[in-house]
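Peer 1: sequence plus predicted model, see below.
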Amino acid sequence: MAQLWKGRFKKELAKETNDFNSSISFDSRMFEEDIKGSIAHAAMLGAAGIIDKSESEKIAAELDKILSEIRSGALQIDMEAEDIHTFIEGELTARLGQTGKRLHTARSRNDQVALDIRLTLRNEISEIEEKVKQLISVICDKAEENKKTIMPGYTHLQRAQPITFAHHIMAYAAMLCRDLGRLEDAKKRMNICPLGSGALAGTTYPLNREMVADLLGFDGITLNSLDGVSDRDFCIELASALSLIMVHLSRFSEEIIMWCSWEFKFIELDDAFSTGSSIMPQKKNPDIAELVRGKSGRVFGDLTTLLTVMKGIALAYNKDMQEDKEAIFDAVDTVKMCLTAFTPMIETMSVLKENMRNAAAKGFINATDCADYLVGKGLPFRDAYKATGELVALCIDKNLTLETLPLEEYKNICGLFDEDVYTAINLEKCVADRLVIGGPSEQSIDNQIAAAKKQLM
Ligand code: ARG
């Protein structure tokens, strides 16, 4: 397919150069946005009297046709074209002749591509937000069912204090709520229209840039034409928000993987979300969670690609910037795929409550509560801590737990102990009494669920 920039050149582009230079294989996915941007541009050219109104209308009508033909498959995108912008304009000109050639008045592919990416990513962000919301909602449902499911909470992967499964997974809901905020924030700065920046220096035509921005649903227009064409901060911000989503999914995946090991057996994944081994008949592997954890690497790589591509480019547009699309589209696609597989995996997993409760019974996770009991009887916390430490050592020696250690032994270590210590170290009570905002008590979880659900509206 012919290039748009023929006039100056005497020779055809070498095949190798064309293949290397072309971006159509990855920017053709922006055909909708490219056409909608062109329709708005044409309408503005007509309204401002830069081209004839009748020609502007013809262009818009034909672009509309091209759009529905590509959508239906009646028109194939030519993969030999230099990029999607070239293809659409070429197609329009093939159909409308002279009139088609007027579309690119007062526009450059530099501001055109900057526009197209913003429009494309704006839609992608909305899709990703929906998927994040679905996951938050599934987590809230699981939490609702597990407000009384006692499990050990960990630090250093050592059993630490009693919590509930609801409390544990609501931590992920909190992370994902922040992710939603970051996506919204990225969208805000992305939703500014660069069209009218031209190649780099704006244009002498009396454009109505606000009109184009309004037609395309932007919140405003860029104020410096060099920045308008050479800014890809919005790609980097999005890649960074997506990277954090992947950090969260990857940490959650890691726990899923641990929890379905024989060592933990806290959950069981549904058969539809697990895989077998080709040689070991007994195996049921958490491949989906492992893949999500692995794919986080791709998205971090995409972010690094974007940062590196942009860091040394003199103003304004340089062809390096064509590298933005593969990286950001890969990040977008990867996050969407991961969320699509991850959410139903969480929704369908079964929680093995008894195993969690049994694990909570070992590991002295009520030792802090035992110390707090002594504090309640008037002992300073440091002394209470020391006495409880001695009790734990004694239990380990005798192969007992704090629940099964006789009161006599308690009293030998500290005279303040009485029969009511057994109530104080009861795990259900330890959880129920942690009424502090953010804690594992039912009331606190209800608050956390309500707060998360507010973000879903
Ligand atoms: N395919 C190009 C890109 O993605 C479009 C802009 C081309 N502009 C130019 N001056 N060669 O960046």
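Peer 2: Received it, and whenever you're ready, just let me know what you need. Just so it is clear, the model here is predicted, and its values are computed rather than measured.
Peer 1: quick one, strands of the stretch 51-200 of the chain?
Peer 2: With strands called from DSSP state E, counting those that start in this stretch, the stretch 51-200 of the chain shows them at 150-155, 158-164, 192-193.
Peer 1: mind putting those into JSON lines with mean neighbour count and distance to the ligand?
Peer 2: To be clear about C-beta, it is placed using only N, CA and C from the backbone, and glycine gets the same treatment. Below are those laid out as JSON lines (neighbours: other C-beta atoms under 10 Å; distance: least, C-beta to the nearest ligand atom, whole Å):
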{"stretch": "strand 150-155", "mean neighbour count": "19", "distance to the ligand": "47"}
{"stretch": "strand 158-164", "mean neighbour count": "20", "distance to the ligand": "49"}
{"stretch": "strand 192-193", "mean neighbour count": "22", "distance to the ligand": "17"}
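Peer 1: pick out the residue in the stretch 151-300 of the chain sitting closest to the ligand.
Peer 2: Closest approach between the stretch 151-300 of the chain and the ligand, counting by C-beta to the nearest ligand atom: Ala199, at 7.0 Å.
Peer 1: OK, contacts around that residue?
Peer 2: Ser108, Asn110, Asp111, Val229, Ala316, Tyr317 (C-beta atoms under 8 Å, 6 or more residues apart in numbering).
Peer 1: still on that earlier bit, can you check which of the strands of the stretch 51-200 of the chain gets nearest to Glu129?
Peer 2: strand 192-193 (19.0 Å; C-beta to C-beta).
Peer 1: so which residues on the stretch 51-200 of the chain come close to the ligand?
Peer 2: Residues of the stretch 51-200 of the chain found near the ligand (C-beta under 6 Å from any ligand atom) are Asp83, Arg109, Asn110, Val113.
Peer 1: just the mean pLDDT for stretch 211-228, thanks.
Peer 2: Averaged across stretch 211-228, the pLDDT comes to 98.
Peer 1: cool, stretch 291-305 as well?
Peer 2: Mean predicted confidence for stretch 291-305 is 98.
Peer 1: all helices for the stretch 201-350 of the chain, in order.
Peer 2: When assigned using DSSP state H, counting those that start in this stretch, the helices of the stretch 201-350 of the chain occupy the ranges 209-215, 225-230, 233-259, 287-310, 324-348.
Peer 1: now the ones you listed in CSV, with distance to the ligand?
Peer 2: Below are the helices of the stretch 201-350 of the chain laid out as CSV (distance: least, C-beta to the nearest ligand atom, whole Å):
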stretch, distance to the ligand
helix 209-215, 18
helix 225-230, 9
helix 233-259, 12
helix 287-310, 11
helix 324-348, 6
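Peer 1: how close does Ile77 sit to the ligand?
Peer 2: Distance of Ile77 to the ligand, computed by C-beta to the nearest ligand atom, to the nearest Å: 14 Å.
Peer 1: now Gly7
Peer 2: Taking C-beta to the nearest ligand atom, one finds Gly7 at 15 Å from the ligand.
Peer 1: now swap in Cys414 and tell me
Peer 2: If you go by C-beta to the nearest ligand atom, the gap between Cys414 and the ligand works out to 73 Å.
Peer 1: sorry, back to before: now the strands of the stretch 51-200 of the chain in CSV, please, with extra columns for mean pLDDT.
Peer 2: Output for the strands of the stretch 51-200 of the chain, formatted as CSV (pLDDT from 0 to 100):
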stretch, mean pLDDT
strand 150-155, 97
strand 158-164, 95
strand 192-193, 98
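Peer 1: among these, which is nearest Ser250?
Peer 2: strand 150-155 (17.4 Å).
Peer 1: neighbouring strands - and their directions - for the closest one?
Peer 2: Take DSSP bridges as the rule and strand 150-155 pairs in its sheet with strand 158-164 (antiparallel).
Peer 1: what's in contact with the strand it pairs with?
Peer 2: 146-154, 359-360, 362-366, 368-369, 427, 430-431, 440, 445.
Peer 1: let's see that with 7 Å instead.
Peer 2: Outside strand 158-164, the residues within contact range by C-beta atoms under 7 Å, 6 or more residues apart in numbering are 146-154, 360, 363, 365-366, 368, 427, 430-431, 440.
Peer 1: again with stretch 69-85
Peer 2: 1, 3, 21-25, 27-28, 30-31, 34, 66, 87, 90, 109, 112-113.
Peer 1: just the endpoints, please. Distance across that stretch?
Peer 2: Start-to-end span of stretch 69-85 (C-alpha to C-alpha, to the nearest Å) is 16 Å.
Peer 1: return the set of buried residues in that stretch.
Peer 2: Ile70, Leu75, Ile77, Ala81, Glu82, Asp83, Ile84, His85 (16 or more other C-beta atoms under 10 Å).
Peer 1: contacting residues for the closest residue to Ile59 other than its chain neighbours?
Peer 2: Leaving aside its sequence neighbours, Ile59 sits nearest to Ala42 (C-beta to C-beta, 6 or more residues apart in numbering; 4.3 Å). If you count contacts by C-beta under 7 Å, 6+ apart, Ala42 has them with Ser56, Ile59, Ala60, Leu103.
Peer 1: who's in contact with the second one?
Peer 2: With contact set as C-beta under 7 Å, 6+ apart, Ile59 has these partners: Ala42, Leu92, Leu96, Thr99, Gly100, Leu103.
Peer 1: hang on, the earlier thing: including neighbour count, could the contacts of Ala199 go into CSV?
Peer 2: Listed next are the contacts of Ala199 as CSV, based on neighbours: other C-beta atoms under 10 Å:
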residue, neighbour count
Ser108, 20
Asn110, 21
Asp111, 27
Val229, 26
Ala316, 20
Tyr317, 21
